[in-house]
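Participant: sequence below, structure please.
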Amino acid sequence: QLSKLGVDIIEAGFPRASPDDFKAVQKIAQTVGTQPQPDGHVPVICGLSRTVQADLDAAWNAVKDAHLPRVHTFIATSDIHMKYKLRMTEDEVVENAVNAVKYLKGVGCNDIEFSP
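Facilitator: So this is what the prediction gives:
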């Protein structure tokens with residue numbers, strides 16, 4: 001229905017969350033993401049991912065069959081998150097984010113969204 005309504009981007013889920021989430025995102029990519037509407041519209045199908053390589057792989061593998069696949073990756077950037085959750089410096093967080101984008105480009109993902 002979302003595609004029929006002309007929605008441009010469908011963030012279908014977080015494929016690394018569980019095998020069922022992966023399958024759901026992959027099915028959306030393979031169906032909704034490959035079937036043009038009568039006006040030719042096909043939405044971008046997006047998978048959400050932390051900057052962790054296993055997450056990046058799951059997101060890309062789930063959405064790559066769509067005509068317009070996208071991976072939305074993120075990493076926490078608040079001082080509290082960096083210090084206590086990630087245990088990274090600001091420079092390490094930036095490096096991690098850059099490496100995630102480079103990794104996605106390297107596996108063939110050309111549409112990458114990033115959120116801090």
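Participant: which stretches of this structure form strands?
Facilitator: 9-13, 44-50, 69-74, 112-115 (DSSP state E).
Participant: could you identify which of those is most buried?
Facilitator: strand 44-50 (a mean of 25; mean count of other Cβ atoms under 10 Å). In this view, the C-beta of every residue, glycine as well, is placed from N, C-alpha and C.
Participant: now tell me what touches it from outside.
Facilitator: 8-16, 25, 28-29, 32-33, 55-56, 58-60, 62-63, 66, 68-75, 100, 111, 113 (Cβ atoms under 8 Å, 6 or more residues apart in numbering).
Participant: tilt between that strand and strand 69-74?
Facilitator: Relative orientation of strand 44-50 versus strand 69-74 (axes from the mean of the first three to the mean of the last three Cα atoms, to 10 degrees): 30 degrees.
Participant: strand 44-50 - what's its average pLDDT?
Facilitator: Mean pLDDT, strand 44-50: 98.
Participant: what's the closest non-adjacent residue to residue 6?
Facilitator: Spatial nearest neighbour of residue 6, chain neighbours left out: residue 41 (5.9 Å); criterion: Cβ to Cβ, 6 or more residues apart in numbering.
Participant: which parts of the chain are helices?
Facilitator: With DSSP state H as the criterion, the chain has helices at 19-30, 53-63, 79-80, 90-107.
Participant: to residue 37, which of these lies closest?
Facilitator: Closest of these to residue 37 is helix 19-30, at 15.0 Å (criterion: Cβ to Cβ).
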